[in-house]
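K.L.:
no sequence on this one, just coordinates:
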């Protein structure tokens, strides 16, 4: 068979043409970044802390950085982290106490790639005379038994009230505890700071802050954006781009001129525009969303890990996982390089 020079190069030209038509398919890193990825935020309705992901989606920051991301609310951060661990979804905001316990106890394939170091948890009450002592035997609203609010309750009871979790009755309500308190169905609940103005707007009475977690443990870690270790290794570029979008979203949220747009993005949380703007100011004041850092402070995470061992969330026969197994700050560093100074 005679093969001409033209014939020999035809397959090459065809392949190059295919690449030109579909360049993404010929560049694995970029192609993988274009896959539909799910970003889970905890709570139905979502907690206000997840607003940063809603802003990144609504303001087009994910698209700007070349990732196709859908933000989806999960009932709890625990449910979201399980979906990440099984590979069902790409990333999720999940409570750090839960993540370090899961990794230490079972070597679950989760790793933090971005974080929020400052917890806003508190135990609040509609009873103006409430104290630690008056909580004994009382019903306390949490998300789920063993979930983020439940773990926060346990640590606040032990740290500030010298009580055990068994001294109260946990009532699992997802993120609807504040609504139950506003309706007079509960006197106590584990709350976020944005829950307080909501309850007060409904009851027309002040909420008593019985315990604040930051008072009982100033060095702490609240929440991580977790990825599946294997998926991160396979498609790292996409995760870097997700973090780049969050960096842009945080900058957007810090600009007072954008407060109304942030409040609009926060609608899924159930907050009115007025309450959302008040919550935004409070969260920015405490640097809830990290400003030009990865939010994965070694001291914060290692301190929390030791607390989880002390309170029994890390099993007696298990050693706390090292920082390097829990967090990977390099993803944020690469994402920061994609974002303009």
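P.N.:
Perfect, thanks for sending it. Remember, it's a predicted structure, so these values are computed and weren't measured experimentally.
K.L.:
could you give the number of residues near residue 41?
P.N.:
Residues lying near residue 41 (other Cβ atoms under 10 Å) number 28. (Each C-beta comes from the backbone N, C-alpha and C, glycine too.)
K.L.:
what does the helix or strand hosting it contact?
P.N.:
Residue 41 is part of strand 36-42, with elements assigned from DSSP states H and E. If you take Cβ atoms under 8 Å, 6 or more residues apart in numbering as the criterion, strand 36-42 is touched by 47, 49-50, 53-54, 57, 67-77, 79-80, 83-84, 88-95, 143, 148, 175, 238, 242.
K.L.:
residue contacts, residue 81?
P.N.:
Per Cβ under 8 Å, 6+ apart, neighbours of residue 81: 92, 94, 98, 99, 102, 108, 110, 226.
K.L.:
out of these, which is nearest to residue 266?
P.N.:
residue 92 (18.5 Å; Cβ to Cβ).
K.L.:
adjacent strands (with direction) for the host helix or strand of that closest one?
P.N.:
Residue 92 is part of strand 91-95 when elements are defined by DSSP H and E. For strand 91-95, the paired strands and their directions (DSSP bridges) are strand 36-42 (parallel), strand 223-228 (antiparallel).
K.L.:
most tightly surrounded among those?
P.N.:
Most buried of the strands paired with strand 91-95, by mean neighbour count (mean count of other Cβ atoms under 10 Å): strand 223-228, with a mean of 29.
K.L.:
report pLDDT for the most centrally placed residue in the chain.
P.N.:
Nearest to the mean C-alpha position of the chain, by Cα atoms, centre = their mean, lies residue 93 at 2.3 Å. pLDDT for residue 93: 98.
K.L.:
measure the nearest residue to residue 243 once chain neighbours are set aside to residue 241 for me?
P.N.:
Computed as Cβ to Cβ, 6 or more residues apart in numbering, the closest residue to residue 243 that is not its neighbour in sequence is residue 335, at 3.6 Å. Distance, residue 335 to residue 241, using Cβ to Cβ, to the nearest Å: 7 Å.
K.L.:
got it, and residue 279?
P.N.:
28 Å.
K.L.:
end-to-end on stretch 117-134?
P.N.:
Chord length of stretch 117-134, first to last residue, is 30 Å (Cα to Cα, to the nearest Å).
K.L.:
neighbours around residue 72, how many?
P.N.:
So residue 72, with other Cβ under 10 Å, has 15 neighbours.
K.L.:
list the contacts for it?
P.N.:
Taking Cβ under 8 Å, 6+ apart, one finds 38, 39, 40, 41, 89 in contact with residue 72.
K.L.:
let me have those residues in TSV, extended by pLDDT and distance to residue 309.
P.N.:
TSV is the format used below for these (pLDDT from 0 to 100; distance: Cβ to Cβ, whole Å):
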residue	pLDDT	distance to residue 309
38	98	32
39	98	30
40	98	27
41	98	28
89	98	29
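K.L.:
how about residue 83, what does it touch?
P.N.:
By Cβ under 8 Å, 6+ apart, the contact set of residue 83 is 38, 40, 74, 89, 92.
K.L.:
change it to 10 Å
P.N.:
Shown in contact with residue 83 (Cβ atoms under 10 Å, 6 or more residues apart in numbering): 38, 40, 72, 74, 89, 90, 91, 92, 94, 228.
K.L.:
do a quick rundown of the strands in the stretch 101-250 of the chain.
P.N.:
110-116, 122-125, 139-142, 169-172, 188-191, 208-212, 223-228 (DSSP state E, counting those that start in this stretch).
K.L.:
what's the closest of those strands to residue 271?
P.N.:
Residue 271 sits nearest to strand 188-191 of all these, at 13.6 Å, using Cβ to Cβ.
K.L.:
distance from that closest one to the middle of the chain?
P.N.:
Strand 188-191 sits 19 Å away from the centroid of its parent chain (Cα atoms, centre = their mean, to the nearest Å).
K.L.:
same question, stretch 150-157
P.N.:
The chain centroid and the centroid of stretch 150-157 are separated by 18 Å under Cα atoms, centre = their mean.
K.L.:
now do it, average pLDDT.
P.N.:
92.
K.L.:
end-to-end on stretch 204-215?
P.N.:
26 Å.
K.L.:
now it, how far from the centre of its chain.
P.N.:
For stretch 204-215, the distance to the chain centre is 23 Å (Cα atoms, centre = their mean).
K.L.:
from now on call the first residue 485
P.N.:
Noted, 485 is the first residue going forward, which turns the last one into stretch 688-699.
K.L.:
give me the buried positions along it.
P.N.:
Going by neighbour count (16 or more other Cβ atoms under 10 Å), the buried part of stretch 688-699 is 691, 692, 694, 695, 696, 697.
K.L.:
reformat the contacts of residue 565 as JSON lines; add distance to residue 740.
P.N.:
Output for the contacts of residue 565, formatted as JSON lines (distance: Cβ to Cβ, whole Å):
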{"residue": "576", "distance to residue 740": "30"}
{"residue": "578", "distance to residue 740": "30"}
{"residue": "582", "distance to residue 740": "34"}
{"residue": "583", "distance to residue 740": "33"}
{"residue": "586", "distance to residue 740": "38"}
{"residue": "592", "distance to residue 740": "40"}
{"residue": "594", "distance to residue 740": "36"}
{"residue": "710", "distance to residue 740": "31"}
